[in-house]
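Engineer: pasting the sequence and the predicted model now:
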Amino acid sequence: MQTNNTFTVIFLTRKSRSNSQKLSIYSRITVDGKRSEISLKRSVSVCNWDTAKGRARGATQNIRILNKYLDLVYGQLLGCHKQLYILHCKKNRLFI
């Protein structure tokens, strides 16, 4: 029997309360339709955020560092998902 489990990670922004020219960056994790958001405690200028890509736009050093950080967070979240999946499979003896 096959189950349809879903897992997605996206990065989104919200307007900063303290500065209207900055956007606060969040990670949204969706598992089987249930969403959870985590603040990454990072911000980016409104003109430097690419909504379609979910990444900062530009080639400055600060933008490159921010995008590398987003890649790192994405990889860590996938790693956590993998660990939980393996534990679930071992618990239910589904491990291949």
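Structural biologist: Yep, that arrived.
Engineer: can you pull up the most central residue in the chain?
Structural biologist: Nearest residue to the geometric centre of the chain (Cα atoms, centre = their mean): Ser27, 3.8 Å.
Engineer: next SSE after the helix or strand containing that one?
Structural biologist: Using DSSP states H and E, Ser27 falls within strand 22-31. Per DSSP H and E, the first helix or strand lying C-terminal to strand 22-31 is strand 34-45.
Engineer: can you give me the strands in the chain?
Structural biologist: Shown for the chain, the strands assigned by DSSP state E span residues 7-15, 22-31, 34-45, 49-50, 55-56.
Engineer: low-confidence ranges in the protein?
Structural biologist: 1-4, 94-96 (pLDDT under 70).
Engineer: quick one on the thing from earlier: closest one to Leu77 among the strands of the chain?
Structural biologist: strand 7-15 (5.1 Å; Cβ to Cβ). Yep, even glycine has a C-beta here, placed from its N, CA and C like the rest.
Engineer: and the angle for that closest one with strand 34-45?
Structural biologist: Taking axes from the mean of the first three to the mean of the last three Cα atoms, to 10 degrees, one finds that strand 7-15 is oriented at 40 degrees with respect to strand 34-45.
Engineer: Provide the strand pairings for strand 7-15, with the direction of each partner.
Structural biologist: strand 22-31 (antiparallel) (DSSP bridges).
Engineer: quick check: buried residues in the strand it pairs with?
Structural biologist: Going by neighbour count (16 or more other Cβ atoms under 10 Å), the buried part of strand 22-31 is 22-27, 29.
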